[in-house]
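Chemist: no sequence on this one, just coordinates:
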């Protein structure tokens, strides 16, 4: 078969390699001047290429449509991915949270082995080339129209694998423009929404804590009165609001309607202590200097950047001596420490979202092949499919697995 793969990211490169292994003639089309432009940025430039958890746990970390990925994950699971990269010459290592990285700590190492394999497999890679239209005849793929060096021409093919990404990091080329072509073909789409994205808030007390990282805290995220996420780990205060692993994970469980209802993040700053245990801890700290001002008594309990904001919320005079603080005031302090609330006003959008939620509806794709149910020879892979996961290498595993399966082009 003549196979055209559109998109030179992780899913596209994997699909092209898989298609070539299946004895097809493969052309890989990428609009940028290099392959893997977004892949280069992943894992802060280190490329967290998968996760070494048991295969069944992959599904637990997929937020949207995990069951759709059953065939893809078991066709190429995380262990198989690591093994495959090993065969290609990439040495890997496992770090905290079972995250798998190249030993070199450079995402370029991952891209380099993929490029070498594309070359070895005889894939025709065309850079600075854009697909402007997909052509069909009797509900079957017949070719694509490409724009190469400013001129358009037809490229005949028997199968097209779309792996153009979602809308996150549009500067890398993932601007969602391919969805318009698919819409013209009648492919069912789900509205795109940023996922794994930082939260914004307009509380100057919060943004003034820019740079403060909190470890071993527990957050509960609510939309109105409904809890949409709870988790334990790390988070970060920024100049615009909140970020860090906990916040990014929480964002993937929010819906556009949640922002209209109002999102609140409640932080338990001392999750290891019950309210009663925390009160005893505060009393012990007060006892160390009973004539100290309240503002000077919290240094062992809280980071310095957090103290002023906590004091403000208690309503206790910062200069009040700790031996004069009442039981009710202490209880108020405990309530704040166990439930430090922050109102979210929005998120940072696609420019800073790690992944896109939405895209091609899974209901329009055969999960056993990644082929469109309505157009023979049209396949999908990677982020443009309406499935997304948490951080930790799981989204790249979706790209490898769906790309590998689509590349078989049955």
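Modeler: It's in. A quick note: this is a predicted structure, and the numbers were derived from the prediction, not measured.
Chemist: assign residue 152 to helix, strand or coil.
Modeler: Each residue gets one of three states, and residue 152 gets strand by DSSP: H, G, I helix; E, B strand; the rest coil.
Chemist: which ones are touching the residue lying closest to it once chain neighbours are set aside?
Modeler: Nearest-residue entry for residue 152: residue 145, 5.7 Å, with adjacent residues in sequence omitted and distances by CB to CB, 6 or more residues apart in numbering. (Glycine included, C-beta is placed from N, CA and C.) Taking CB atoms under 8 Å, 6 or more residues apart in numbering as the contact definition, residue 145 lies against 131-135, 152-155.
Chemist: list the buried residues for the helix or strand hosting residue 145?
Modeler: Taking DSSP states H and E as the definition, one finds residue 145 inside strand 140-148. Along strand 140-148, the positions that meet the burial threshold by neighbour count (16 or more other CB atoms under 10 Å) are 141, 143-144, 146.
Chemist: low-confidence ranges in the stretch 51-200 of the chain?
Modeler: Within the stretch 51-200 of the chain, the set of residues satisfying pLDDT under 70 is empty.
Chemist: what segments of it are strands?
Modeler: Counting by DSSP state E, counting those that start in this stretch, the segments of the stretch 51-200 of the chain that form strands are 92-95, 99-102, 124-126, 129-137, 140-148, 151-156, 159-162, 189-195, 199-200.
Chemist: still on that earlier bit, the residue nearest to residue 152 pairs with what?
Modeler: On the basis of DSSP bridges, residue 145 is bridged to residue 133, residue 154.
Chemist: tell me which residues touch residue 220, please.
Modeler: With contact taken as CB under 8 Å, 6+ apart, residue 220 is in contact with 227, 229-230, 265-266, 268.
Chemist: show me the beta-bridge partners of it.
Modeler: Listed by DSSP bridges, the beta-bridge partners for residue 220 are residue 230, residue 266.
Chemist: and the gap between it and residue 209?
Modeler: From residue 220 across to residue 209, the span is 19 Å (CB to CB, to the nearest Å).
Chemist: next one: residue 154
Modeler: When distances are taken as CB to CB, residue 154 and residue 209 turn out to be 57 Å apart.
Chemist: ditto for residue 295
Modeler: 16 Å.
Chemist: quick one: which of these two has more around it?
Modeler: For residue 295 and residue 209, the more surrounded residue by other CB atoms under 10 Å is residue 209, and the numbers stand at 20 against 16.
Chemist: next, that one: secondary structure please.
Modeler: Recorded secondary structure, residue 209: coil (three-state DSSP).
Chemist: quick one on the thing from earlier: quick one: distance of the strand holding residue 145 to the chain centre.
Modeler: Relative to the centre of its chain, strand 140-148 is centred 31 Å away, using CA atoms, centre = their mean, to the nearest Å.
Chemist: surely residue 325 touches residue 283?
Modeler: No. Assessed by CB atoms under 8 Å, residue 325 is found out of contact with residue 283, at 9.8 Å.
Chemist: compare these two (neighbour count), which wins?
Modeler: Set residue 325 next to residue 283 and count neighbours by other CB under 10 Å: residue 325 wins out with 20 against 13.
Chemist: so what does the more buried one have for phi and psi?
Modeler: Here the main-chain torsion angles of residue 325 (degrees, to the nearest 10) amount to phi -70, psi 130.
Chemist: begin at 783, not 1, for the rest of this chat.
Modeler: Will do, 783 is the new start, and the previous item becomes residue 1107.
Chemist: and it, how far from residue 1122?
Modeler: From residue 1107 over to residue 1122 the distance is 19 Å, taken as CB to CB.
Chemist: same question, residue 1041
Modeler: With distances defined as CB to CB, the gap from residue 1041 to residue 1122 amounts to 21 Å.
Chemist: over to residue 1065?
Modeler: 20 Å.
Chemist: next, count neighbours for residue 993.
Modeler: Using other CB under 10 Å as the criterion, residue 993 is surrounded by 9 other residues.
Chemist: check contacts around the residue nearest to it when sequence neighbours are not counted.
Modeler: On the basis of CB to CB, 6+ apart, the spatially nearest residue to residue 993 that is not a chain neighbour turns out to be residue 1019, at 6.9 Å. Taking CB under 8 Å, 6+ apart as the contact definition, residue 1019 lies against 988-989, 991-996, 1087.
Chemist: returning to what we had before: okay, residue 1041 and residue 1122: which has more neighbours?
Modeler: Neighbour comparison, residue 1041 and residue 1122: the larger count goes to residue 1122, with 20 against 16 (by other CB under 10 Å).
Chemist: pretty sure the more buried one contacts residue 1049?
Modeler: Yes. Using CB under 8 Å, residue 1122 is in contact with residue 1049, at 4.3 Å.
Chemist: how about the strands of the stretch 833-982 of the chain in TSV, adding distance to residue 834?
Modeler: As requested, those are exported to TSV (distance: least, CB to CB, whole Å):
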stretch	distance to residue 834
strand 874-877	5
strand 881-884	5
strand 906-908	30
strand 911-919	36
strand 922-930	37
strand 933-938	40
strand 941-944	28
strand 971-977	23
strand 981-982	29
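Chemist: hmm, back to that, can I get the contacts of residue 1019 in a markdown table including pLDDT?
Modeler: Supplementary listing: the contacts of residue 1019 in a markdown table, determined by pLDDT from 0 to 100:
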| residue | pLDDT |
| --- | --- |
| 988 | 93 |
| 989 | 91 |
| 991 | 95 |
| 992 | 95 |
| 993 | 96 |
| 994 | 97 |
| 995 | 97 |
| 996 | 97 |
| 1087 | 94 |
